[in-house]
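Q: what's the 3D shape of this:
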Amino acid sequence: MAAITASMVAELRAKTDAPMMECKKALTEADGDLAKAEELLRVKLGNKASKAASRVTAEGVVAAFIDGTKGALIELNCETDFVSKNDDFLKFASDLAKVVANEQPADVAGLSALSLDGEQIEAARTRLIGKIGENMTIRRFAKFQGGGKLASYLHGTRIGVMVEFEGDEVAAKDVAMHIAAMKPVSLSSNDVPAELIAKERSIAEQKAAESGKPAEITAKMVEGSVQKYLKEVSLLNQPFVKNDKQTVEQMLKAANTTVKGFTLYVVGEGIEKKQDDFAAEVAAQVAAAKQG
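A: Numbers count the residues shown, from 1 in each chain. Here you go, the predicted model:
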């Protein structure tokens, strides 16, 4: 049986907003497996127990660049929020987005080998690390070229969206803002990744099983839950943030606009950030001093 620490309970609580004792029980039942404990809580407490997608666990910025039908969205990470506001760091992110749009590198390694103002980008990154005194990495980027018009939206520097569209630019920018707020995982319900659907179906099946209702009823409950989830996470089916009386699809149709695709980056999403245990650190220093 894995030891359940206060920091594990705190991390699960931060991700789910569930009561502390419920978090501890779930972690105990899951033998310390955080992901499994989160799933158990969702079964017990409902969908509101999952907030992981809106939490970020690493620092950095998202930058965007558009030039006609060419564009790029990039995430540049650093260790602290303080450095994410540094002017040199912000300029480096902005410059990288421009290089990606213009040069269309295949991946991060390819981007790092390119030049920026006569200096190899990897060398520029290393130099900036030395100047600022903190590690930084180019995490990911999305590139766009010739696929149609582009619109972007940056919510501060932590959330970035790029939308490929045909039609009205104002409508496209509204959609980009909507995506930043509602964080859909796909354009339509048909595009939702199979693994996400499977996870939702598993949770729905567990919840339905606990209801004690007949099999034919629980089967309908499960299917209803899955269909509800598909509508909630697909862009075109979501209620439009500026007018929840219509879906995004309806708003776009009224504006004679078509969204071909989108990319959403949230700084640090999916990265586990190291949590320092201050009390343990002090205790270790005291013990070391005594031994000395």
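Q: Below-threshold pLDDT in the stretch 101-250 of the chain: ranges please.
A: Scanning the stretch 101-250 of the chain for pLDDT under 70 picks out nothing.
Q: residue boundaries of the strands in it?
A: 115-116, 119-120, 136-145, 149-155, 159-166, 239-240, 243-247 (DSSP state E, counting those that start in this stretch).
Q: To residue 30, which of the ones you listed lies closest?
A: strand 136-145 (28.8 Å; CB to CB). In short, each C-beta sits where N, CA and C put it, glycine included.
Q: Where do the helices of the stretch 51-200 of the chain begin and end?
A: Taking DSSP state H, counting those that start in this stretch as the criterion, the stretch 51-200 of the chain contains helices spanning 81-84, 87-103, 108-112, 121-132, 169-182, 194-211.
Q: In the last one, which residues are buried?
A: Read it as helix 194-211. Residues 200, 203-205, 207-208 are the ones in helix 194-211 that count as buried (16 or more other CB atoms under 10 Å).
Q: where's that helix relative to the chain centroid, distance-wise?
A: 22 Å (CA atoms, centre = their mean, to the nearest Å).
Q: so what secondary structure elements neighbour that helix?
A: helix 34-45, helix 215-233 (3 or more CB pairs under 8 Å, 6 or more residues apart in numbering; DSSP states H and E).
Q: what are the C-alpha coordinates of that helix, in CSV please?
A: Extracted in CSV, the C-alpha atoms of helix 194-211 (Å, rounded to 0.1, in the frame of the first residue of the first chain):
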residue,chain,number,x,y,z
ALA,A,194,-11.2,7.8,-29.3
GLU,A,195,-9.3,7.5,-26.0
LEU,A,196,-11.2,10.4,-24.5
ILE,A,197,-14.5,8.9,-25.5
ALA,A,198,-13.4,5.5,-24.0
LYS,A,199,-12.5,7.2,-20.7
GLU,A,200,-15.8,9.0,-20.5
ARG,A,201,-17.7,5.8,-21.4
SER,A,202,-15.9,4.0,-18.6
ILE,A,203,-16.7,6.7,-16.1
ALA,A,204,-20.4,6.7,-17.2
GLU,A,205,-20.6,2.9,-16.9
GLN,A,206,-19.2,3.0,-13.4
LYS,A,207,-21.7,5.7,-12.4
ALA,A,208,-24.6,3.9,-14.0
ALA,A,209,-23.6,0.6,-12.3
GLU,A,210,-23.8,2.3,-8.9
SER,A,211,-27.4,3.4,-9.7
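Q: any residues touching that helix, and which ones?
A: Counting contacts by CB atoms under 8 Å, 6 or more residues apart in numbering, the residues outside helix 194-211 that touch it are 39, 42-43, 185, 217-219, 221-222, 225-226, 229-230, 233.
Q: again, 10 Å this time
A: Helix 194-211 is contacted by residues 39-40, 42-44, 46-47, 50, 185-186, 189, 192-193, 215, 217-226, 228-230, 232-233 when judged by CB atoms under 10 Å, 6 or more residues apart in numbering.
Q: now for the helices of the stretch 51-200 of the chain, which one comes closest to residue 263?
A: helix 169-182 (9.1 Å).
Q: quick one: the closest one to chain centroid distance?
A: Helix 169-182 sits 17 Å away from the centroid of its parent chain (CA atoms, centre = their mean).
Q: by how many degrees do it and strand 149-155 diverge?
A: With axes from the mean of the first three to the mean of the last three CA atoms, to 10 degrees as the basis, helix 169-182 and strand 149-155 are set at 40 degrees to each other.
Q: Counting by contacts, list what helix 169-182 packs against.
A: Here helix 169-182 touches strand 149-155, strand 159-166, strand 239-240, helix 248-254, strand 258-266, going by 3 or more CB pairs under 10 Å, 6 or more residues apart in numbering; DSSP states H and E.
Q: hey, which of those is tucked in deepest?
A: Greatest average neighbour count among these goes to strand 159-166 (a mean of 23), per mean count of other CB atoms under 10 Å.
Q: Could you tell me which of the contacts of helix 194-211 count as buried?
A: Those of the contacts of helix 194-211 that meet the buried threshold are 39-40, 42-43, 50, 186, 189, 192, 218, 221-222, 225-226, 229-230, 232-233, by 16+ other CB under 10 Å.
Q: can you list the strands of the stretch 101-250 of the chain in JSON lines and add distance to residue 58?
A: Output for these, formatted as JSON lines (distance: least, CB to CB, whole Å):
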{"stretch": "strand 115-116", "distance to residue 58": "23"}
{"stretch": "strand 119-120", "distance to residue 58": "25"}
{"stretch": "strand 136-145", "distance to residue 58": "8"}
{"stretch": "strand 149-155", "distance to residue 58": "17"}
{"stretch": "strand 159-166", "distance to residue 58": "14"}
{"stretch": "strand 239-240", "distance to residue 58": "31"}
{"stretch": "strand 243-247", "distance to residue 58": "32"}
